[in-house]
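In: predicted coordinates and the sequence they were generated for:
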Amino acid sequence: MASPSTSHPERTREISAALAPMRRSQSGTMQAFNQLAQSALAAGVLSPKFKELLALALGVAAHCDGCIGFHAKALVGLGATRAEIEETLAVAVYMGGGPSLMYSADALAAFEQFEKLAATPA
């Protein structure tokens with residue numbers, strides 16, 4: 001679990017940078033993963049925002065710090081509200097118990113950090 005002082009925007013940049021060599025050396029796999037993500041998250045019967053909410057809940061349940069950051073960032077971009085995030089996390093806690101509750105704190109922090117960045121004029 002990330003510490004309370006974790007900068008999720010910084011962490012997602014670190015993860016992206018750390019994966020850069022693998023994107024070059026394993027380009028086929030990385031392109032396939034990217035294509036899988038794009039296909040899975042594309043609009044269909046479920047909206048992209050709903051699919052990202054699902055991904056956030058799964059990231060919380062799987063205790064994946066990186067997943068939490070990337071999906072919180074995407075949700076800010078898709079216009080998710082704090083109420084939508086909290087409801088999603090409530091379902092994650094229901095399904096994952098105490099550990100998911102602890103990771104929900106990280107998810108809320110990540111959402112708030114990316115929301116603050118999005119509101120900051122460039």
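Out: Ah, there it is. Fair warning: this is a prediction, and the values are worked out from it, not measured in the lab.
In: where does the protein dip in pLDDT?
Out: Flagging of the chain using pLDDT under 70 yields the residue ranges 1-4.
In: distance of the residue nearest to the spatial centre of it from residue 52?
Out: Nearest to the mean C-alpha position of the chain, by C-alpha atoms, centre = their mean, lies residue 71 at 1.9 Å. Per C-beta to C-beta, to the nearest Å, residue 71 is found 6 Å from residue 52. No exception for glycine: its C-beta is placed from N, CA and C like everyone else's.
In: just the CA atoms of the helix or strand containing the residue nearest to the centre of the chain, as PDB, please.
Out: Following DSSP states H and E, the helix or strand that holds residue 71 is helix 65-77. C-alpha atoms of helix 65-77 as PDB (Å, rounded to 0.1, in the frame of the first residue of the first chain):
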ATOM      1  CA  ASP A  65      -0.700   0.800  -6.500                       C
ATOM      2  CA  GLY A  66       0.100   1.500 -10.100                       C
ATOM      3  CA  CYS A  67      -3.300   0.500 -11.400                       C
ATOM      4  CA  ILE A  68      -4.900   2.800  -8.800                       C
ATOM      5  CA  GLY A  69      -2.900   5.700 -10.100                       C
ATOM      6  CA  PHE A  70      -3.400   5.100 -13.800                       C
ATOM      7  CA  HIS A  71      -7.100   4.500 -13.500                       C
ATOM      8  CA  ALA A  72      -7.700   7.500 -11.100                       C
ATOM      9  CA  LYS A  73      -5.900   9.700 -13.700                       C
ATOM     10  CA  ALA A  74      -8.100   8.300 -16.500                       C
ATOM     11  CA  LEU A  75     -11.200   8.900 -14.400                       C
ATOM     12  CA  VAL A  76     -10.400  12.500 -13.800                       C
ATOM     13  CA  GLY A  77     -10.000  12.900 -17.600                       C
END
